[in-house]
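Asker: Following is a predicted model, sequence given first.
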Amino acid sequence: DQQVKQNSPSLSVQEGRISILNCDYTNSMFDYFLWYKKYPAEGPTFLISISSIKDKNEDGRFTVFLNKSAKHLSLHIVPSQPGDSAVYFCAASAGGYQKVTFGTGTKLQVIP
Amino acid sequence: GAVVSQHPSWVICKSGTSVKIECRSLDFQATTMFWYRQFPKQSLMLMATSNEGSKATYEQGVEKDKFLINHASLTLSTLTVTSAHPEDSSFYICSARVGGGSNQPQHFGDGTRLSIL
């Protein structure tokens, strides 16, 4: 049972344009969401997070949007840069629990 | 800050041997560390939660006797794959959380590529 889903396994975007990565979840108990970036043969790097009490969190070029009614969140990267090319994982956890559930990842390629 | 170091980064060994992987929090103390396994083109699957000074909590389907976890100090957790076989070949990643609050991101090591011949 995949509680966190990233339905797009890959995405290609032109440099300078916006990259939008999507994530859906099924567990209504999730109240903390994170995005991680991962390069091959490396561990994931934390990018940005959002609590369920918010619907938007912004950090530089990265913005995460949360739509609780739709159980959907998205990561916007603007402007996209070639160095952003990596696999992006969406993750979620439920309050009071330390266990984090990861999505299957979306491979982003930013074309120069 | 919040650096997690994992060692070794790559291991190749014969079937039947045991392999120990270390996970260290370099600049913070971690009462809880996490061990994940990632198969090619799949998500990170949590194997177990490692608690300093107590027994690890294993996820359903993970063999405790196969994957031994020891968290002897606030900066070190180890995962030992006992009597490894080819099906144990995978990418193993550890993580640690700064602070005790649940709403803190986990910081990951760079992973260990384990190949069993």
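Answerer: Right, received. Where do you want to start?
Asker: drop to CA atoms for contacts and neighbour counts, all remaining ones
Answerer: Fine.
Asker: Around chain B, pick out the residues from chain A.
Answerer: A:32, A:34, A:41-46, A:49, A:95-105 (CA under 8 Å from any CA of the partner chain).
Asker: quick one: the strands in chain B?
Answerer: In chain B, the strands defined using DSSP state E lie at B:4-7, B:10-13, B:19-25, B:32-38, B:44-51, B:57-58, B:67-73, B:76-81, B:90-97, B:106-108, B:112-116.
Asker: Pipe those into TSV and attach mean pLDDT per row.
Answerer: Shown next, in TSV, are the strands of chain B (pLDDT from 0 to 100):
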stretch	mean pLDDT
strand B:4-7	94
strand B:10-13	94
strand B:19-25	95
strand B:32-38	92
strand B:44-51	90
strand B:57-58	92
strand B:67-73	90
strand B:76-81	95
strand B:90-97	92
strand B:106-108	88
strand B:112-116	94
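Asker: export the ones you listed to JSON lines and tack on distance to residue A:87 and mean neighbour count?
Answerer: Output for the strands of chain B, formatted as JSON lines (distance: least, CA to CA, whole Å; neighbours: other CA atoms under 10 Å in any protein chain shown):
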{"stretch": "strand B:4-7", "distance to residue A:87": "20", "mean neighbour count": "21"}
{"stretch": "strand B:10-13", "distance to residue A:87": "21", "mean neighbour count": "14"}
{"stretch": "strand B:19-25", "distance to residue A:87": "23", "mean neighbour count": "22"}
{"stretch": "strand B:32-38", "distance to residue A:87": "13", "mean neighbour count": "23"}
{"stretch": "strand B:44-51", "distance to residue A:87": "12", "mean neighbour count": "23"}
{"stretch": "strand B:57-58", "distance to residue A:87": "27", "mean neighbour count": "16"}
{"stretch": "strand B:67-73", "distance to residue A:87": "27", "mean neighbour count": "19"}
{"stretch": "strand B:76-81", "distance to residue A:87": "25", "mean neighbour count": "22"}
{"stretch": "strand B:90-97", "distance to residue A:87": "15", "mean neighbour count": "26"}
{"stretch": "strand B:106-108", "distance to residue A:87": "15", "mean neighbour count": "25"}
{"stretch": "strand B:112-116", "distance to residue A:87": "18", "mean neighbour count": "21"}
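Asker: hmm, back to that, which among the residues of chain A next to chain B end up buried?
Answerer: A:32, A:34, A:42-46, A:49, A:95, A:98-105 (16 or more other CA atoms under 10 Å in any protein chain shown).
Asker: In helices only, show me those residues.
Answerer: Assigned to helices by DSSP state H, none of these qualify.
Asker: Quick test: name the residue nearest the centre of chain B.
Answerer: Nearest to the geometric centre of chain B sits residue B:35, at 3.4 Å (CA atoms, centre = their mean).
Asker: Let me know whether that one touches residue B:94 as I believe.
Answerer: Yes - counting by CA atoms under 8 Å, residue B:94 is a contact partner of residue B:35 at 4.5 Å.
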